[in-house]
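Novice: 3D, please:
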Amino acid sequence: MSHGKQFTLFSHKGGPNGWKVAFVLEELGLTYETVYLDFQKGEQKAPEHTKYNPNGRIPTLIDHKNNDFTIWESGAIIVYLVEKYDTEHKISAEGFEERIEQLQWLFFQASGQGPYFGQVAWFTFYHSEKLPSAIERYQKEILRVFGVLETVLSQREWLVGDKYTVADISFIPWNQTAVTRLVAGYEGFNFEKDFPSVAKWHNKLLAKDAVKKVYAVKDSLQ
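Specialist: Numbers count the residues shown, from 1 in each chain. Alright, predicted model coming up:
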């Protein structure tokens, strides 16, 4: 493993959670090398990775300039990065209450967005048999989560403290997957019409330079 760059990020070419960490690293100008694990070969469960992450999933981050400090779970990785390296609060909340609010959204993303959106992806593309009732259940959860976001974003520009933060960034990959693949054909779903504030917010996120740079890398790997 090369230590020419500060971080090693274990990720996956398609999996959403590694990409949101890459967005944060890019926004903070931190140097990193990404190791894309091949899930078909079970590399995420191999000892070479589980020695860093006993859960055998991605992402995993190693900070070579902090005694090879290793952390897994994307939300925890993001908190680590902004607490240690975003001292000017470029993309993170500053006051105590706003930091808790930021944490609230990171928890909601990890518990309310990721798992439900992920279940739609699983039952739509990977499950051994088609279960329309399961797909519909979780598609409705996607719409519910969009509804929660719409309620908040119809009243403010960003999720926390009227500024662009990691709370916003954390939602990008799964929202993009949902809009383009998971509910694109669901009962006349129209993102801009059904959830106008969420759509406006999401498009602003996609227009960020760091996000465009990382997505260009992702597109090159397909």
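
Novice: quick one: contacts for Glu83?
Specialist: Ser92 (C-beta atoms under 8 Å, 6 or more residues apart in numbering). Every residue, glycine included, has its C-beta placed from N, CA and C.

Novice: Let me know the pLDDT of it.
Specialist: We note a pLDDT of 97 for Glu83 in this prediction.

Novice: and it, helix, strand or coil?
Specialist: helix (DSSP: H, G, I helix; E, B strand; the rest coil).

Novice: now swap in Ala110 and tell me
Specialist: Secondary structure for Ala110, judged by three-state DSSP, is helix.

Novice: Begin at 16, not 1, for the rest of this chat.
Specialist: Let's use 16 as the start, then, which means that last one is Ala125.

Novice: Show the contacting residues for it.
Specialist: Contacts of Ala125 (C-beta under 8 Å, 6+ apart): Glu88, Ser89, Gly90, Ser185.

Novice: Run through the strands of this structure in chain order.
Specialist: 22-26, 47-51, 75-78, 84-87 (DSSP state E).

Novice: Of the ones you listed, which is nearest Ile157?
Specialist: When the strands of the chain are compared by C-beta to C-beta, strand 22-26 sits nearest Ile157, at 23.3 Å.

Novice: and the lowest-mean-pLDDT helix or strand in the chain, what other elements does it pack with?
Specialist: Among the helices and strands of the chain, helix 129-136 carries the lowest confidence by mean pLDDT, DSSP states H and E, at a mean of 88. The contact analysis (3 or more C-beta pairs under 8 Å, 6 or more residues apart in numbering; DSSP states H and E) places helix 129-136 against helix 147-168, helix 187-192.

Novice: Figure out which of the strands of the chain is closest to Lys228.
Specialist: Closest of the strands of the chain to Lys228 is strand 47-51, at 12.5 Å (criterion: C-beta to C-beta).

Novice: Now find how far off-centre the closest one is within its chain.
Specialist: 16 Å (C-alpha atoms, centre = their mean, to the nearest Å).

Novice: Please identify the deepest-packed of the helices and strands packed on helix 129-136.
Specialist: helix 187-192 (a mean of 23; mean count of other C-beta atoms under 10 Å).

Novice: Output the contacting helices and strands for that one.
Specialist: By 3+ C-beta pairs under 8 Å, 6+ apart, helix 187-192 packs against helix 31-42, helix 129-136, helix 211-221.

Novice: Can you tell me which of those is packed in deepest?
Specialist: helix 31-42 (a mean of 24).
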